[in-house]
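Peer 1: got a predicted model here, sequence first, then my questions.
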Amino acid sequence: MLLMPLLFPAAAVAITLDISSPASIASAAGTAAYNMMTYYTGNQTGQVPGILPGSLSCNPKADGTYCWWEAGAMWGSLINYWQYTNDSTYNSIISESLQFQRGPDNNFNPPNQSRSMGVDDMLFWAFSALDAVESNFPPPEGNDPSWLALAQGVYNFQTSLWDTSTCGGGFHWQVYSFNAGYNLKIAIANGGNFQLAARLAYITGNTTYADWANKVWNWMASSQLFETQGDMLYIWDSTDSNNNCTNADNLVWTYNYGTVLAGAAYMYNYTNGSSTWESRVQQVLSSTFSLFFPSEYGGNVMTEMECEKQLNCDQDQKSFKAYLSRWLAVTALLVPSTASQIMPKLQGSAMGAAGQCSGGGNVCGEQWYSTTYDGLTGVGEEMSAMSIFGANLINSKMVPLSLRTGATSKSDPSAGGSAGSSPPGELAKPITTADRAGAGILTVIVCIVTVGGAWWLIT
Ligand SMILES: *[C@@H]1O[C@H](CO)[C@@H](O)[C@H](O)[C@H]1NC(C)=O
Ligand SMILES: *[C@@H]1O[C@H](CO)[C@@H](O)[C@H](O)[C@H]1NC(C)=O
Ligand SMILES: *[C@@H]1O[C@H](CO)[C@@H](O)[C@H](O)[C@H]1NC(C)=O
Ligand SMILES: *[C@@H]1O[C@H](CO)[C@@H](O)[C@H](O)[C@H]1NC(C)=O
Ligand SMILES: *[C@@H]1O[C@H](CO)[C@@H](O)[C@H](O)[C@H]1NC(C)=O
Ligand SMILES: *[C@@H]1O[C@H](CO)[C@@H](O)[C@H](O)[C@H]1NC(C)=O
């Protein structure tokens with residue numbers, strides 16, 4: 001009898017969401033934020049601040065482990081949460097985390113992560129620093145670098161990674177050539193750096209950043225990553241420099257569209273409304289709607305098409321809808337003509353997500369088009385739900401701030417260190433043949449000591 005409740009759990013209850021009530025939306029976002037933060041242990045004694053479980057040995061295929069970049073993205077989503085709701089519960093943890101993981105050169109490249117450091121990974125931390133700049137998040141204490149300087153540090157580091165020796169240009173996925181996947185030139189690394197440059201142009205008004213954003217866009221547009229078919233723009237996930245990027249992998253992800261969309265929206269606004277950028281925004285936006293808001297679910301519910309229905313999204317992929325949610329909301333502000341198209345998608349998706357947050361304790365699954373709890377739970381699912389709820393609270397008081405319109409973070413155009421070919425620090429040393437030989441020699445010594453010890457015991 002005592003086991004009965006376990007065997008027959010009470011019927012799941014979804015989050016109640018009144019989409020016309022800011023208080024109701026904020027409460028839903030607060031529930032998802034709370035559930036998300038139950039996974040964070042970096043503020044406990046003996047744990048490393050700023051990262052999620054598993055971040056020191058990244059494996060997105062393993063449940064319950066999260067790569068370093070996702071923690072960086074999570075801090076940004078919580079800065080957005082604070083701005084949307086005015087709930088400052090997590091602010092000190094956010095600040096501590098961003099500063100702790102900034103690395104020795106103040107550019108989000110900590111040596112612990114070098115063995116899998118991606119250009120995109122650094123960028124998601126930089127986006128969070130930019131979220132802080134654009135919302136006047138409380139400034140760092142003491143001599144810690146400003147939020148803007150941290151993002152400029154990433155920009156300065158990454159420009160020297162631009163590689164024209166293959167594919168006519170572009171960023172490799174990985175920062176260091178010894179890492180697996182270095183050969184790939186992928187959409188999120190290039191689109192992400194484009195967005196970073198566009199936001200720095202918007203924030204500082206410095207045309208150097210805008211020129212760079214144009215250059216990255218132009219390369220992507222000329223590469224196989226962008227493919228136009230009629231009105232549709234496909235932004236494929238990756239190309240391979242081993243074959244000079246002659247073909248793409250034909251996978252589409254929400255975050256690639258969101259990254260490029262928001263970057264274009266910042267460029268549109270920075271240029272005071274260039275028609276070129278407006279039509280690019282419109283093309284990415286309508287392609288986003290066609291691909292990720294399928295008519296079979298009513299046309300207003302965001303869906304990760306490549307993996308969600310089959311429930312085989314990996315840990316990284318489960319968080320992607322969080323970023324598209326945020327960047328759709330920002331686009332609605334920066335390109336006012338898009339707001340009436342975007343708002344119904346944000347509302348429909350939030351109502352869908354509320355229905356899917358029907359696990360025990362209102363934990364959220366990922367299939368927002370269904371009110372039957374899909375059984376999944378984790379940081380990505382909660383971050384996505386929190387971000388789509390919060391996106392519905394965005395209003396004209398939350399327009400990203402620039403130095404011209406009131407952002408107070410201090411600019412440092414020469415922040416960060418330049419990229420060397422090898423990472424800083426002993427921990428980051430790649431596994432080389434010298435190391436392997438060294439390990440072999442060590443084994444021989446251990447054997448001699450063991451045999452010698454045994455001989456001593458016997459005699
Ligand atoms: C860590 O942060 C959480 C909020 O996410 C809080 O509930 C908890 O008390 C904090 N733990 C410590 C040891 O500060
Ligand atoms: C790097 O890893 C070591 C060992 O786990 C830890 O003590 C240190 O705090 C980590 N630093 C960062 C920035 O993650
Ligand atoms: C590689 O691709 C670039 C850009 O498409 C092209 O300019 C270059 O000639 C190609 N190189 C080779 C060796 O085919
Ligand atoms: C946009 O307009 C502002 C105000 O007139 C001006 O200062 C700025 O230089 C313009 N930006 C661009 C990129 O033309
Ligand atoms: C840029 O964004 C602001 C804030 O929403 C908006 O008022 C302005 O009209 C936008 N600029 C253009 C050219 O649309
Ligand atoms: C603009 O940005 C570039 C690139 O970081 C920098 O070299 C230059 O000093 C900046 N100019 C100003 C006026 O800040």
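Peer 2: The structure has been received and is ready for your questions. Numbering: from 1, shown residues only. Ligands and ions are numbered 1, 2, ... in the order given.
Peer 1: end-to-end on stretch 98-118?
Peer 2: 17 Å (Cα to Cα, to the nearest Å).
Peer 1: is any residue of it near ligand 2?
Peer 2: Yes. Stretch 98-118 comes into contact with ligand 2 (Cβ under 6 Å from any ligand atom), by way of 100, 101, 110, 112. Every C-beta, even on glycine, is put in place using the N, C-alpha and C of the backbone.
Peer 1: for the residue lying closest to residue 287 once chain neighbours are set aside, helix, strand, or coil?
Peer 2: Once flanking residues are discounted, residue 287 sits nearest to residue 233: 4.5 Å by Cβ to Cβ, 6 or more residues apart in numbering. Under DSSP: H, G, I helix; E, B strand; the rest coil, residue 233 falls in the strand class.
Peer 1: report how many residues lie close to the residue in the chain that ligand 5 sits nearest to.
Peer 2: For the chain and ligand 5, the shortest gap (Cβ to the nearest ligand atom) falls at residue 273, measuring 3.1 Å. Look at residue 273: counted by other Cβ atoms under 10 Å, it has 12 neighbours.
Peer 1: ditto for residue 412
Peer 2: 17.
Peer 1: try residue 126
Peer 2: 29.
Peer 1: name the helices or strands packed onto the host helix or strand of residue 277?
Peer 2: Following DSSP states H and E, one finds residue 277 within helix 275-292. Using 3 or more Cβ pairs under 8 Å, 6 or more residues apart in numbering; DSSP states H and E, the elements in contact with helix 275-292 are strand 232-235, helix 254-270, helix 320-334, helix 339-356.
Peer 1: tilt between the last one and helix 320-334?
Peer 2: For helix 339-356 against helix 320-334, the angle by axes from the mean of the first three to the mean of the last three Cα atoms, to 10 degrees is 150 degrees.
Peer 1: rounded mean pLDDT for helix 339-356, please.
Peer 2: For helix 339-356, the mean per-residue pLDDT is 98.
Peer 1: also stretch 388-395?
Peer 2: 98.
Peer 1: how far out from the middle of the chain is it?
Peer 2: Distance of stretch 388-395 from its chain centroid, counting by Cα atoms, centre = their mean, to the nearest Å, is 18 Å.
Peer 1: what does this structure put close to ligand 3?
Peer 2: 167, 168, 244.
Peer 1: one step back: just put the helices and strands packed on helix 275-292 in a markdown table and tack on distance to residue 136.
Peer 2: Below are these laid out as a markdown table (distance: least, Cβ to Cβ, whole Å):
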| stretch | distance to residue 136 |
| --- | --- |
| strand 232-235 | 32 |
| helix 254-270 | 18 |
| helix 320-334 | 16 |
| helix 339-356 | 23 |
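Peer 1: so which of those is nearest residue 279?
Peer 2: helix 254-270 (9.5 Å; Cβ to Cβ).
Peer 1: buried sites along that closest one?
Peer 2: The neighbour-count check on helix 254-270 (16 or more other Cβ atoms under 10 Å) flags 254-270 as buried.
Peer 1: restrict those residues to contacts with ligand 4.
Peer 2: residue 270.
Peer 1: the residues of stretch 98-118 next to ligand 2, buried ones only, as a ChimeraX selection?
Peer 2: The buried subset of the residues of stretch 98-118 next to ligand 2, as determined by 16+ other Cβ under 10 Å, is captured in ChimeraX by this line:
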select :101,110,112
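Peer 1: quick one: which two of the residues of stretch 98-118 next to ligand 2 are the most distant?
Peer 2: Going by Cβ to Cβ, the pair spanning the residues of stretch 98-118 next to ligand 2 furthest: 100 and 112, at 11.0 Å.
Peer 1: buried sites along the helix holding residue 277?
Peer 2: Per 16+ other Cβ under 10 Å, helix 275-292 contains these buried residues: 277-278, 280-285, 287-289, 291-292.
Peer 1: can you redo those residues as JSON lines with distance to residue 156?
Peer 2: JSON lines is the format used below for those (distance: Cβ to Cβ, whole Å):
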{"residue": "277", "distance to residue 156": "25"}
{"residue": "278", "distance to residue 156": "30"}
{"residue": "280", "distance to residue 156": "26"}
{"residue": "281", "distance to residue 156": "27"}
{"residue": "282", "distance to residue 156": "32"}
{"residue": "283", "distance to residue 156": "31"}
{"residue": "284", "distance to residue 156": "27"}
{"residue": "285", "distance to residue 156": "31"}
{"residue": "287", "distance to residue 156": "32"}
{"residue": "288", "distance to residue 156": "31"}
{"residue": "289", "distance to residue 156": "36"}
{"residue": "291", "distance to residue 156": "34"}
{"residue": "292", "distance to residue 156": "33"}
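Peer 1: nearest to ligand 6 among the residues you listed?
Peer 2: residue 277 (20.3 Å).
Peer 1: residue in the stretch 301-450 of the chain nearest to ligand 4?
Peer 2: Counting by Cβ to the nearest ligand atom, the stretch 301-450 of the chain gets nearest ligand 4 through residue 404, at 7.6 Å.
Peer 1: and the stretch 251-400 of the chain, by the same measure?
Peer 2: For the stretch 251-400 of the chain, Cβ to the nearest ligand atom, closest residue to ligand 4: residue 272, 3.8 Å.
Peer 1: surely residue 261 and residue 283 touch.
Peer 2: No. Here residue 261 does not reach residue 283: they are 9.7 Å apart, not a contact under Cβ atoms under 8 Å.
Peer 1: how about the helices in the stretch 1-150 of the chain?
Peer 2: Secondary structure of the stretch 1-150 of the chain by DSSP state H, counting those that start in this stretch: the helices cover 4-7, 22-37, 68-85, 91-100, 119-134, 147-159.
Peer 1: need the contact partners of stretch 395-413.
Peer 2: 83-84, 132-136, 139, 145-149, 152-153, 199, 202-206, 266, 330, 333-334 (Cβ atoms under 8 Å, 6 or more residues apart in numbering).
Peer 1: of the helices and strands packed on helix 275-292, which approaches ligand 1 most closely?
Peer 2: Comparing the helices and strands packed on helix 275-292 by Cβ to the nearest ligand atom, helix 320-334 comes nearest, at 17.4 Å.
Peer 1: which parts of the protein sit against ligand 6?
Peer 2: 206, 208, 413.
Peer 1: are any of those residues buried, and which?
Peer 2: Here, 16+ other Cβ under 10 Å leaves residue 206 buried among these.
Peer 1: can you add pLDDT and give the residues of the chain next to ligand 6 back as TSV?
Peer 2: Listed next are the residues of the chain next to ligand 6 as TSV, based on pLDDT from 0 to 100:
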residue	pLDDT
206	98
208	98
413	97
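Peer 1: among the residues of the chain next to ligand 6, which lie within helices?
Peer 2: residue 208 (DSSP state H).
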